[in-house]
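# Take this sequence and fold it.
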Amino acid sequence: MTLPLREEPPEPPATCRYGTVDEFAMDELWSGVAAFLGGTANVILQLSLKPVAYGVMESTVESGRIDVHPWKRTRTTLTYLAVALMGTEEDRALYRAAVNGSHRAVHSEPGAPVKYNAFDPKLQLWVAACLYWGVVDLEERLHGPMDEDAAEVFYQYAARLGTTLQMRPQMWPADRKAFQEYWNTNLATRTVDARTRAYFNDLIDLKMVAWPLRVFVPLQRFFVTSLLPPHLRSEMRMNWTVRQDRFANRVLRVIGAVHRRLPKLIRLFPMNFYLYDMRRRHRLGKPLV
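Modelled structure (predicted):
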């Protein structure tokens, strides 16, 4: 007699001490200080893809340009991160609609040497990959390697960095191994031309803010140089030594040790503040971006 095939029970959802993929406890993992330490380096990473760089540098949406409105652009960028990684589905839908309104005007003109469109999901995949890589890189520099279960669940969760806009879920590499292949292949092709390098140097040197704040330029340049992948550091023509690298890693580990002991409300700042601010703006009928 042929026995009926036994139906295997479905696999349980991936779990770790931060929760499941669908309800990942981002507030248990994230360090808000990473936004201050790694923001500029991650912008350089994102804009090392030429269409992304030229989309930003040539944007006609003046209100969204960091070189014209640095504080507003910083707010909208960090709000996007906070909404994508800590927001509800409603939060993400609201912010997607607001960002889409700004992105509609961000596209290259006919005949432009560099073609770009802010709605291009392939460009959004690269930006999302940079954001994910930056979060993991800084968290591990601050607090040491993530355990394997947490790292894999967070990776799957981090697809929200792209799907909060137009990146299709199936575009996110299937697992961390596939992501590493995508990352290594694409990072190796990234270059920084003279125009983009000048733009980056102005960002690093805080040319867009009042001169008293430029006292922080040496510190900013130190952290930007330390956090860039060696390939892009070379493209930026930055000098960096093994001794400097060891010192930077020690500084970050000390910052991480102190930061992890802070109350969660302070530890998450400014990401929790920007998520609250987005919700407040929505309630008051104010523009979100």
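# Show me the shaky parts of the chain.
1-19 (pLDDT under 70).
# if we go to 80?
Counting by pLDDT under 80, the chain shows low-confidence ranges at 1-24, 62-64.
# Which residue lies nearest the spatial centre of it?
Residue closest to the average C-alpha location in the chain (C-alpha atoms, centre = their mean): residue 131, at 2.4 Å.
# So that residue versus residue 38, what's the distance?
Noted for residue 131: a distance of 10 Å to residue 38, by C-beta to C-beta, to the nearest Å. For every residue, glycine as well, the C-beta is placed using N, CA and C.
# what about the closest residue to residue 227 other than its chain neighbours, helix or strand, and which?
Spatial nearest neighbour of residue 227, excluding adjacent residues (C-beta to C-beta, 6 or more residues apart in numbering): residue 41 at 3.9 Å. Assigned by DSSP states H and E, residue 41 belongs to helix 33-46.
# following that helix, which helix or strand comes up?
Assignment by DSSP H and E places the next element after helix 33-46 at helix 50-57.
# What is that following helix packed up against?
Helix 50-57 is packed against helix 121-143, helix 194-204, with contacts defined by 3 or more C-beta pairs under 8 Å, 6 or more residues apart in numbering; DSSP states H and E.
# between the first one and helix 33-46, how big is the angle?
Orientation check (axes from the mean of the first three to the mean of the last three C-alpha atoms, to 10 degrees): helix 121-143 against helix 33-46 gives 140 degrees.
# Report the distance from helix 121-143 to the chain centre.
Helix 121-143 sits 5 Å away from the centroid of its parent chain (C-alpha atoms, centre = their mean, to the nearest Å).
# Then stretch 142-158?
For stretch 142-158, the distance to the chain centre is 15 Å (C-alpha atoms, centre = their mean).
# how long is it end to end?
End-to-end distance for stretch 142-158, by C-alpha to C-alpha, to the nearest Å: 19 Å.
# tell me the helices in the stretch 51-200 of the chain, going along the chain?
Assigned by DSSP state H, counting those that start in this stretch, the helices in the stretch 51-200 of the chain fall at 70-86, 89-103, 121-143, 148-157, 160-163, 176-187, 194-204.
# buried sites along the last one?
Spelled out, that is helix 194-204. 196, 199-200, 203-204 (16 or more other C-beta atoms under 10 Å).
# The residue lying closest to residue 191 once chain neighbours are set aside: how many residues sit nearby?
Among residues not flanking residue 191 along the chain, residue 235 sits closest, at 5.9 Å (C-beta to C-beta, 6+ apart). Neighbour count for residue 235, taken as other C-beta atoms under 10 Å: 19.
# and residue 235, what is it in contact with?
48, 190-192, 197 (C-beta atoms under 8 Å, 6 or more residues apart in numbering).
# and the buried residues of helix 194-204 as TSV, adding distance to residue 79?
Converted to TSV, the buried residues of helix 194-204 look like this (distance: C-beta to C-beta, whole Å):
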residue	distance to residue 79
196	25
199	23
200	23
203	19
204	23
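# most surrounded residue in the contacts of residue 235?
Within the contacts of residue 235, neighbour counts (other C-beta under 10 Å) peak at residue 48, which reaches 25 neighbours.
# what's the spacing between it and residue 197?
10 Å.
# cool, and residue 83?
Taking C-beta to C-beta, one finds residue 83 at 31 Å from residue 197.
# Residue 218 too?
Using C-beta to C-beta, residue 218 is found at 19 Å from residue 197.
# Please apply the same query to residue 154.
To residue 197, residue 154 is 33 Å away according to C-beta to C-beta.
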